[in-house]
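[1] The sequence and its predicted three-dimensional model are supplied below.
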Amino acid sequence: MVWCQLASGLPASKPSQEISLSAKTQDFLKLASYIILPQERKVLLQLRMNNEQEIFIESFWRQRDPTPGTPQNEYRDELLRRFQHVNKFFSRGTSREGWLTDKGRIYMILGEPASKHDFSGRMGIVPCEVWYYYGDKEKNLPAYFGLVFFQRRGSGEPRLYDPVSDGIPSLLLSTGNLPFDDYLALYERLKELVPDLAPVALSIIPGEIPYNFTPSPRESILLADILDSPKKDINPGYASHFLDYKGMVSTEYMTNFVDHTACVDVIQNPATGLLFLNFSLVPKTLSFDYFAPTDQYFCNLQLNASLRQGESVIFQYSKEFPVYFAPSESDRIKANGISIEDSFPVIEGSYQLVVLLQNSVGKEFTVLEQDIVISASQGRPRLFGPVVGYGLKEFDRGIHLPYKVLDKKLLIDPSLTFAVRESPSFLFSVTDITESDWRAGRVEVTVTGSKHGLAPFETITLPLNAQPFGSTLYFIQTISDGTLPSDYYVLEVVLRNGSGQELDKKKVQFIVSPNENVPHPIAQTKMARIANPSPLYVILATQSEKTGQEEDAEAWYERAHDSNPLGRKELVQYSRFLIRIGKPEKSMSLIENIKDESAFRFDYVLIKGLAKMAMGKTEEAVECFLEGNRIYNSDTLLLNSLGTCYLKLGQKDNAEAALRASLRLNPEQEDVKKLITEIEKKCP
């Protein structure tokens, strides 16, 4: 076993990353050496700033705090006590610190034994000691077990005994003429010498005799479980999130990562025909504060959602979700939890959704990360969904909400667990349907439980022509009527044409609990009316632009502009885009709409200058840039453009002055540095 070899040898030299750590962090790694997860160690070694290391260490202990609501961390205090104990008592007779010995390792992991039995000085055997423990079944440990420490060949540092790799011969001073593979005879020999030691020499579970007295590999598994027991039930997600979001999340939040459940689904909106990315995020813990003037508990949740492709952020937005409730609702809120639901339009493609949720009360945060693939239709009908919820609620058709189609909103629980008396509901849509498939096609829905083998518990056939023809058809159904027995289920939806050919297939899993009641999170969302779809088109234009789909981006901008007059910010965004794709004349025409808007005068002259610059009207562009710089003199795009124009006009001193002003604002502009160097070479 590898761990025995490590325990018996001298401590390996430290990796170079650990040598560069502060003394305080190195002391922490000693203390936490047997409980730290590989992912946690990896993240810690990547942190270069001492304050970042200290904040991470605080986060590490917080993940293991048995009483997080109190200032004391009993687990950390106990581990420190153990560390001091082993270094005081187990370093005797060895050149190593006590925490590096086998006894020190077990004491650090399991603490003080329930009892000890010392067999040192007994005839016929090497010095031995057995530590007995009561195990934690939740950590996959035996209810009661004994660990043997022995001195190989009667001397040296006590080592942890493994019934498989060491075996009974290592405990005997002499085996006589007994062969090493005569396990029964060796056991009887040890039992004759020391009856109390023999049972734990065969198995760490006293009295458990392996088949034919042959050492079982199960013993090595049990020992591995014991050594790994402090690492059970620790979610290392907080560590990777610490590394990913230490620049985005303020340090006061970084020690308070909380886990979550979540679901993400793509649903086509009937009112606009657009695809919406819907998500529901449920933090597993939330802190609340009390506001005495209104006799209410509250928390304020800040959501930051982004859609990414690799390192590029192609769309991002923020929202606040203030939550208030009366003291009488406290028990229900704590039992059910709170879900944050939201949605936004999305174009086809492959992305990573990142949702950061921060609670200003308690300084907590959680992060949802999920890969999303929205395939293009390629002219074939396709399914979106199915999505399963624990019920339906009616709303006005003109209202947009996450997980809502037509006049019904699906009530979502990301755990996908429902009470036995509930009737789960589901929704899905069929898009890009042709009229011929609509006339003869159908959807087959089957609900199959794990206890029923391949036989579906329920089958529903839905003809497509039961609904009025349209390019998208929506289906909202309820499964049975509170008659689903407790089980694990798969709901599968198959789309077929008139000849029975399968066009698309999707499925989702859910659980029906045997409990009469299952608490579901209380949804927090924002209601909206989509009377003006123009902002939605701008979102899709932004996503298309960021993914390099310029033709699609221009089409979305045009659609947004034609459907309703663009807002001022959106108009500026559209105008800049037109310049980037080589249409400065169109940009010039568009930007005239904000000519007399004093609040947007800077944007007007900047875009006008960029357009004139692109059209080769350099002197006119300079006039625009100079006016813009008088309004706001700290815009690097304007200063760089002004410097470039001056250079074209042969005014090298003015060009260098503008570029150096830009570089003072942002010293990381390598292109600007290069340009200044070229100017200096030409003008020594």
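    Structure received.
[2] Which per-residue confidence value corresponds to Ser343?
    pLDDT, Ser343: 95.
[3] Next: Gly104.
    The model's pLDDT for Gly104 equals 96.
[4] What is the neighbour count of it?
    24 (other CB atoms under 10 Å). The way it works is simple: take the backbone N, C-alpha and C, and place the C-beta from them, glycine included.
[5] right, and it touches Thr94 too?
    No. Using CB atoms under 8 Å, Gly104 is not in contact with Thr94; the gap is 9.7 Å.
[6] What helix or strand is Gln358 located in?
    strand 349-359 (DSSP states H and E).
[7] what's in contact with that strand?
    Strand 349-359 is contacted by residues 245, 248-249, 253, 260, 262, 264, 277, 279, 281, 283, 286-287, 299-309, 314, 340, 364-374, 547 when judged by CB atoms under 8 Å, 6 or more residues apart in numbering.
[8] what is the mean pLDDT for that strand?
    Average pLDDT, strand 349-359: 94.
[9] which parts of that strand are buried?
    By 16 or more other CB atoms under 10 Å, the buried positions in strand 349-359 come out as Gly349, Tyr351, Leu353, Val354, Val355, Leu356, Leu357, Gln358, Asn359.
[10] ditto for stretch 202-220
    Leu202, Ser203, Ile204, Ile205, Pro206, Glu208, Pro210, Pro215, Ser216, Glu219, Ser220.
[11] Over to stretch 364-373?
    Buried, per 16+ other CB under 10 Å, within stretch 364-373: Glu364, Phe365, Thr366, Val367, Leu368, Ile372.
[12] of these, closest to Leu464?
    The closest of the buried residues of stretch 364-373 to Leu464 turns out to be Ile372 (CB to CB; 27.1 Å).
[13] My understanding was that that closest one contacts Asp265; is that so?
    No. Contact criterion CB under 8 Å: Ile372 and Asp265 do not qualify, at 9.8 Å.
[14] Report the set of residues contacting both of the two.
    Leu277.
[15] related to what we said a few turns ago, now, which of the contacts of strand 349-359 lie within helices?
    Tyr245, Tyr253 (DSSP state H).
[16] For PyMOL, what selects the buried ones among the contacts of strand 349-359?
    Entered in PyMOL, the line below selects the buried ones among those, by 16+ other CB under 10 Å:
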select buried, resi 245+249+253+260+262+264+277+279+281+283+286+287+299+301+303+304+305+306+307+308+314+340+364+365+366+367+368+372+547
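[17] Send me the helix or strand where Ser544 lies as PDB with only the CA atoms.
    Secondary structure from DSSP H and E places Ser544 in helix 534-546. Provided in PDB are the C-alpha atoms of helix 534-546 (Å, rounded to 0.1, in the frame of the first residue of the first chain):
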ATOM      1  CA  SER A 534     -36.500  45.600 -29.300                       C
ATOM      2  CA  PRO A 535     -34.300  45.200 -26.200                       C
ATOM      3  CA  LEU A 536     -34.400  41.400 -26.700                       C
ATOM      4  CA  TYR A 537     -33.200  41.800 -30.300                       C
ATOM      5  CA  VAL A 538     -30.300  43.900 -29.100                       C
ATOM      6  CA  ILE A 539     -29.300  41.200 -26.700                       C
ATOM      7  CA  LEU A 540     -29.200  38.700 -29.600                       C
ATOM      8  CA  ALA A 541     -27.300  41.200 -31.800                       C
ATOM      9  CA  THR A 542     -24.700  41.500 -29.000                       C
ATOM     10  CA  GLN A 543     -24.300  37.800 -28.800                       C
ATOM     11  CA  SER A 544     -24.000  37.400 -32.600                       C
ATOM     12  CA  GLU A 545     -21.500  40.300 -32.700                       C
ATOM     13  CA  LYS A 546     -19.300  38.800 -29.900                       C
END
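[18] domains for the protein, by residue range?
    2-9+57-230, 258-529, 534-682 (automatic domain parsing).
[19] Format those domains as JSON lines; extra columns: distance to Leu21.
    As requested, the domains of the chain are exported to JSON lines (distance: least, CB to CB, whole Å):
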{"stretch": "domain 2-9+57-230", "distance to Leu21": "11"}
{"stretch": "domain 258-529", "distance to Leu21": "26"}
{"stretch": "domain 534-682", "distance to Leu21": "29"}
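[20] could you pull out the strands for the stretch 51-200 of the chain?
    Using DSSP state E, counting those that start in this stretch, the strands of the stretch 51-200 of the chain run over 115-118, 128-134, 144-150, 159-160.
[21] List the strands paired with the strand holding Gln358, with their directions.
    strand 296-309 (antiparallel), strand 364-374 (antiparallel) (DSSP bridges).
[22] Quote the end-to-end distance of stretch 344-364.
    25 Å (CA to CA, to the nearest Å).
[23] cool, and stretch 320-334?
    For stretch 320-334, the end-to-end distance is 21 Å (CA to CA).
[24] any idea how far that stretch is from the chain center?
    26 Å (CA atoms, centre = their mean, to the nearest Å).
[25] picking up where we left off before, now, among the buried residues of stretch 364-373, which is nearest to Ile581?
    For those, with Ile581 as the reference and CB to CB as the criterion, the closest is Ile372, at 26.8 Å.
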